[in-house]
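# sharing a model that was predicted from the sequence below.
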Amino acid sequence: MGSAPIVVTGGTGTLGRAVVSEIERRGHRVRVLSRSPTPPSLPAGREWASADLLTGDSADVARAFAGAETVVHCATTLNGDRDVTVAQQVLAACAAAGVRHFVLVSIVGIDRIPLAYYRGKLEVERLVAASGVPATIQRATQFHDLVRALFAQLSRLPVLFVPDVNFQSVDVADVAARLADVACRGPQGRVADVGGPRVDCSLDMARAFVAASGLRRKIAPVRLPRFLQRGAVRAIADGGNLVDDGAPRGTTTFADYLSAHPAPAAREYRNA
């Protein structure tokens, strides 16, 4: 990779921060790309680029990628159509800058679970593959942060109504380590999906959340008969959100994550 900085888009987000730390831990320079202005002080060797990848000035975006050889794309708008727009702008800037390795983090099951957001993510993968920019695509299961935030939102009511499904959620630190690993290698196309260390029933996860948060909530399972299951509900019931046997797995369980979280009942997902 030479001495060029590795650009991390969304470098101030939940995943991006962990990726920045992992890459720096491996001794590489990082350029954080964020909508936020440059902070008053930066760790030694870290660069900063301010640009809005959705609506920002194209010159700012071009400067963000100038001189970069490797890009790890962690930025997301949490909207499939907008993510496609962002990817188009990022890939055009990477091609113009001569980027040699574009690393995309994506989601396990986007080709099996018919959700609008997932359709956008699948289109982003297609754009990456067709862009001509050498790339690696890494899919991961849902983050522990997302599942915890979902339970926190549901806990607004005195009864926690929980769909009875399975998750294989993964810690962002485990995904960040995987992304740092692939970023430090050459382009590999789509690599093996990564998931959490175990498959957990959502009801057990909800019980762990209630215990860790100190909330007094009764948990009520929500179950649909098989003949009523359609679309995303059927796909998730069939395990469309889980990794295959033998796929790489993280090491931090959902319970481990909760025990280390400073505020398990916080409803925010991003930067939680």
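Nice, thanks for sending it over.

# against which helices or strands is the longest helix anywhere in the chain packed?
The helix spanning the most residues in the chain, taking DSSP state H as the definition, is helix 80-97. With contacts taken as 3 or more Cβ pairs under 8 Å, 6 or more residues apart in numbering; DSSP states H and E, helix 80-97 sits against helix 58-65, strand 70-73, helix 116-130. (C-beta placed from N, C-alpha, C; glycine too.)

# what's the next helix or strand after it in contact with?
Sequence order places strand 101-107 as the next helix or strand after helix 80-97, per DSSP states H and E. Residues from elsewhere that reach strand 101-107 (Cβ atoms under 8 Å, 6 or more residues apart in numbering): 1, 15, 69-74, 91, 94, 118, 121, 124-125, 128, 131, 133-142, 175, 179, 182-183, 186-187.

# ok now strand 101-107, how far from the chain's centre?
Computed by Cα atoms, centre = their mean, to the nearest Å, the chain-centroid distance of strand 101-107 equals 10 Å.

# list the contacts of Gly56.
Arg35.

# try 6 Å
Applying Cβ atoms under 6 Å, 6 or more residues apart in numbering, we find Gly56 in contact with no residue.

# where's it relative to Asp171, distance?
31 Å (Cβ to Cβ, to the nearest Å).

# and Ile219, by the same measure?
Counting by Cβ to Cβ, the gap from Ile219 to Asp171 is 23 Å.

# which one of the two is surrounded by more residues?
The residue with more neighbours, out of Ile219 and Asp171, is Asp171; 22 against 18, by other Cβ atoms under 10 Å.

# what secondary structure does the closest residue to the more buried one other than its chain neighbours sit in?
Using Cβ to Cβ, 6 or more residues apart in numbering and skipping residues adjacent in sequence, the residue nearest Asp171 is Thr252, 3.8 Å away. Of the three states, Thr252 takes coil under DSSP: H, G, I helix; E, B strand; the rest coil.

# ok so, going back, tell me the buried residues in the longest helix of the chain?
For helix 80-97, the neighbour count (16 or more other Cβ atoms under 10 Å) marks 80, 83-87, 89-94, 97 as buried.

# which one of these is nearest Ala260?
Nearest to Ala260, judged by Cβ to Cβ, of those is Asp83 at 29.4 Å.
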